[in-house]
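Asker: Here is a sequence with its predicted model. Questions after.
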Amino acid sequence: MNDRIPVKVITPVKVHKPDAQKHDNHYGPRSHIYVRKVEGMLETLRRFFGLFFLGLFVILPWIQFNGHQAILLDIGAQRFNIFGLTLWPQDLTLLAWIFIVAAFALFFVTTFAGRVWCGFMCPQTTWTFIYIWFEEQIEGSRNKRIKLDERPMDFDKFWRKLLKHLAWVATALLTALVFVGYFTPIEVLFVEFFTGEAPFWATFSVIFFTFCTYGNAGWMREIMCTHICPYARFQSAMFDKDTLTVAYNAKRGEKRGPRSRKMTKEQLQQKELGDCIDCNLCVQVCPTGIDIRNGLQYECINCGACVDACNGVMDKMNYEKGLISFTSEHQLAGGTTKVMRPKLVGYAVVLAVMVGLLVLEIATRIPLEVDIIRDRGALSRETNDGLIENVYTLKILNKSQLKSIYEISILGLPGHRFSGESLVTVEGGEAFSVPISVAIDERELDETITNIKIKVAGSDTQGTPVEVEEPTTFIFQ
Ligand code: SF4
Ligand code: SF4
């Protein structure tokens, strides 16, 4: 019982938030964050990723494939076209696979490199930075924007604000049109929306998503990440001591404080100054308005803007870069980051298996489905010429995107007589119902119930063969 808990003396660290009083009061009005422009390697990387995914988002719905929109998620027709693949409600398992693969990819990336998804690829971040870019172009740098907001309304302020909001709304409208264009033919949508001929739901969706984009990227911004997005809350469960996150090296940076660039190492040591010159640039460039020097915070989206800002300062001071960097807890404590660790390897293995199974599922998928519906009125009946007859209705679903011709035949019933259409043509993505009957002399039957198969075989207009053998029974009562 004499064991004592060791006490660690921690030097209090000064908190530098954009507006500390307002920010700490969770019930008071939100303090606006004026994000300062930053240049650097990570900023370039984010712009590259942002432009790449933005380009993909805009271009993909315009691509044509086999004479139709390559990606069209037609909810009304319950049919998703993704290039050569058509998914039907029956393919829900495939969609589930895709979501599972996406979830494990996110677990893997988060365990390895923290919230890089948020900082570099999330649409919320990309659109927020696009909107900040408009602010910067129209209202000027961070300091100019602060002064503009503080001064009373005049003509200069009015036209700048008006132009900014028009640019935001135009961006939001284009975003919404492209987004809705994934669910309805995009070429028609663009024409019909501007001529007022679009269906109600399409017009409503475009207006709704315009409002959402304008509200999210223009007004809500970091609130979305810090208060609404659930990922911010559970991502820490995936972190370990080797996860790469943006962190400040307090050992090297403290005690922080301003100084002359000419100060020698000895003078700095005398004053016990670390490498942080307390310029606050890392706070001013932060899109969520936090001070990374206060340690890992759930608001941090790992965008790396503070890394670029601080590296620029370190360069000017002729200090080594990396006071703020992508690093791990182990590395900060003087050790090395372990990449090959059980948790990460486990996620990688599960992810590889899931991707393999998904590819296998897609590669072996047969673009034809046959449902057999028996005549419920009579299981069997006698024909005029004394044969035993069973009647079926075949529902043939052509899950490909091309017209196909199918031949219907019966297996496992030698000596039968087939009546009905034996050759049917079904358009791509269409279902076709065909009644058929099978008759046989009762002396050919050994049992009252005979297991048979109905074979549907054919090929599409490009000659790709496909066949399905669907089991059923021939009943003699
Ligand atoms: S940018 Fe670097 S030097 Fe400036 S306050 Fe932040 S950590 Fe300190
Ligand atoms: S603390 Fe740094 S990495 Fe985190 S959100 Fe702010 S600027 Fe981005």
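Answerer: Received it, and whenever you're ready, just let me know what you need. Because the structure is a prediction, the values reported are computed rather than measured. Residues are numbered from 1 along each chain as shown. Ligands and ions are numbered 1, 2, ... in the order given.
Asker: Test my guess that Glu43 contacts Val307.
Answerer: No - judged on Cβ atoms under 8 Å, Glu43 makes no contact with Val307 at a distance of 9.2 Å. (Glycine included, C-beta is placed from N, CA and C.)
Asker: Residues touching whichever strand or helix holds Leu51, excluding its own?
Answerer: Secondary structure assignment for Leu51, by DSSP states H and E: helix 41-59. Contacts with helix 41-59, where a contact means Cβ atoms under 8 Å, 6 or more residues apart in numbering, come from 119-121, 123, 125-126, 129-130, 178, 303-305, 307-308, 311.
Asker: now do stretch 448-463
Answerer: Applying Cβ under 8 Å, 6+ apart, the external contacts of stretch 448-463 come out as 368, 370, 372, 392, 394, 396, 400, 402-413, 428, 436, 438, 465-477.
Asker: Give me the buried entries from the residues you listed.
Answerer: With neighbours counted by 16 or more other Cβ atoms under 10 Å, the contacts of stretch 448-463 contain buried members at 368, 370, 392, 394, 396, 400, 402, 404, 406, 408, 410, 412-413, 428, 436, 438, 466, 468, 472, 474-475.
Asker: Can you list the buried residues in stretch 163-179?
Answerer: By neighbour count on 16+ other Cβ under 10 Å, the buried set for stretch 163-179 is Lys164, Ala167, Trp168, Thr171, Ala172, Leu173, Thr175, Ala176, Leu177, Val178, Phe179.
Asker: So which of those residues belong to helices?
Answerer: Lys164, Ala167, Trp168, Thr171, Ala172, Leu173, Thr175, Ala176, Leu177, Val178, Phe179 (DSSP state H).
Asker: Isn't the fifth one up against Thr210?
Answerer: Read that as Ala172. Yes - counting by Cβ under 8 Å, Ala172 does reach Thr210; the two are 4.5 Å apart.
Asker: Show the backbone phi and psi for Leu394.
Answerer: phi -100, psi 130 (degrees, to the nearest 10).
Asker: Look at it and report its pLDDT.
Answerer: Leu394 is assigned 95 on the pLDDT scale.
Asker: ok, it - contacts?
Answerer: Counting by Cβ under 8 Å, 6+ apart, Leu394 makes contact with Val370, Asp371, Ile372, Ile373, Ile408, Ser433, Val434, Pro435, Ile436, Ile454, Val456.
Asker: Might you list the low-confidence residue ranges for the stretch 351-477 of the chain?
Answerer: In the predicted model of the stretch 351-477 of the chain, residues 461 satisfy pLDDT under 70.
Asker: Now Gln331. Nearest residue, chain neighbours left out?
Answerer: Leaving aside its sequence neighbours, Gln331 sits nearest to Thr337 (Cβ to Cβ, 6 or more residues apart in numbering; 5.0 Å).
Asker: Helix, strand, or coil at the one residue in the stretch 51-200 of the chain that gets nearest to ligand 2?
Answerer: In the stretch 51-200 of the chain, the residue that lies nearest ligand 2 is Gly119 (6.1 Å; Cβ to the nearest ligand atom). Per DSSP: H, G, I helix; E, B strand; the rest coil, the secondary structure class of Gly119 is helix.
Asker: Quick check: it vs Cys306, distance?
Answerer: In this structure, Gly119 and Cys306 are 11 Å apart, going by Cβ to Cβ, to the nearest Å.
Asker: Between those two, tell me which one has more neighbours.
Answerer: More crowded of Gly119 and Cys306, by other Cβ atoms under 10 Å: Cys306, with 27 against 23.
Asker: For that one, identify the helix or strand it belongs to.
Answerer: helix 305-316.
Asker: Partner strands of the helix or strand following that helix and their direction?
Answerer: Going down the chain from helix 305-316, the next helix or strand is strand 324-327, by DSSP H and E. Using DSSP bridges, the neighbouring strands of strand 324-327 in the sheet come out as strand 245-248 (antiparallel).
Asker: who touches the partner strand?
Answerer: Contacts with strand 245-248, where a contact means Cβ under 8 Å, 6+ apart, come from 114-115, 239, 276, 282, 292-293, 295-296, 300, 302-304, 306-307, 323-329, 332.
Asker: Pull the distance from that strand to the chain's centre.
Answerer: 25 Å (Cα atoms, centre = their mean, to the nearest Å).
Asker: quick one: low-confidence ranges for the stretch 101-250 of the chain?
Answerer: Scanning the stretch 101-250 of the chain for pLDDT under 70 picks out no residues.
Asker: Mind telling me which residue of it is nearest ligand 2?
Answerer: Counting by Cβ to the nearest ligand atom, the stretch 101-250 of the chain gets nearest to ligand 2 through Val246 (3.9 Å).
Asker: Quick check: beta-bridge partners of that residue?
Answerer: Judged by DSSP bridges, the bridge partners of Val246 are Phe326.
Asker: That one: neighbour count?
Answerer: Using other Cβ under 10 Å, Val246 has 25 other residues around it.
Asker: which stretches of the stretch 51-200 of the chain form strands?
Answerer: 64-65, 68-69, 71-74, 79-82, 85-87 (DSSP state E, counting those that start in this stretch).
Asker: who wins for proximity to Glu150 among these?
Answerer: The closest approach between Glu150 and any of these, judged by Cβ to Cβ, belongs to strand 71-74 at 46.6 Å.
Asker: what's that closest one packed up against?
Answerer: Contact partners of strand 71-74 among helices and strands, from 3 or more Cβ pairs under 8 Å, 6 or more residues apart in numbering; DSSP states H and E: strand 79-82.
Asker: Mind checking the pLDDT average for the strand it packs on?
Answerer: 87.
Asker: Switch the contacts of Leu394 over to CSV; also include distance to ligand 2 and secondary structure.
Answerer: Below are the contacts of Leu394 laid out as CSV (distance: Cβ to the nearest ligand atom, whole Å; DSSP: H, G, I helix; E, B strand; the rest coil):
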residue, distance to ligand 2, secondary structure
Val370, 54, strand
Asp371, 53, strand
Ile372, 58, strand
Ile373, 58, strand
Ile408, 62, strand
Ser433, 58, strand
Val434, 61, strand
Pro435, 65, strand
Ile436, 65, strand
Ile454, 61, strand
Val456, 57, strand
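Asker: hey, what's Thr450 bridged with?
Answerer: With DSSP bridges as the criterion, Thr450 is bridged to Phe474.
Asker: for Val466, that is, sorry about that
Answerer: Bridge pairing for Val466 - DSSP bridges - gives Gly458.
Asker: Surely it and Ile366 touch.
Answerer: Yes - with contact defined as Cβ under 8 Å, Val466 counts as touching Ile366 (6.1 Å).
Asker: Give me the helices and strands touching the helix holding Cys306, please.
Answerer: Using 3+ Cβ pairs under 8 Å, 6+ apart: helix 305-316 touches helix 41-59, helix 281-284, strand 324-327.
Asker: which residues touch Tyr347?
Answerer: Tyr347 touches Phe104, Phe107, Phe108, Thr111, counting by Cβ under 8 Å, 6+ apart.
Asker: Against Gly295, how distant is the closest residue in space to the second one that isn't next to it in sequence?
Answerer: Spelled out, it's Phe107. Nearest non-adjacent residue to Phe107, counting by Cβ to Cβ, 6+ apart: Tyr347, 5.2 Å away. From Tyr347 across to Gly295, the span is 26 Å (Cβ to Cβ).
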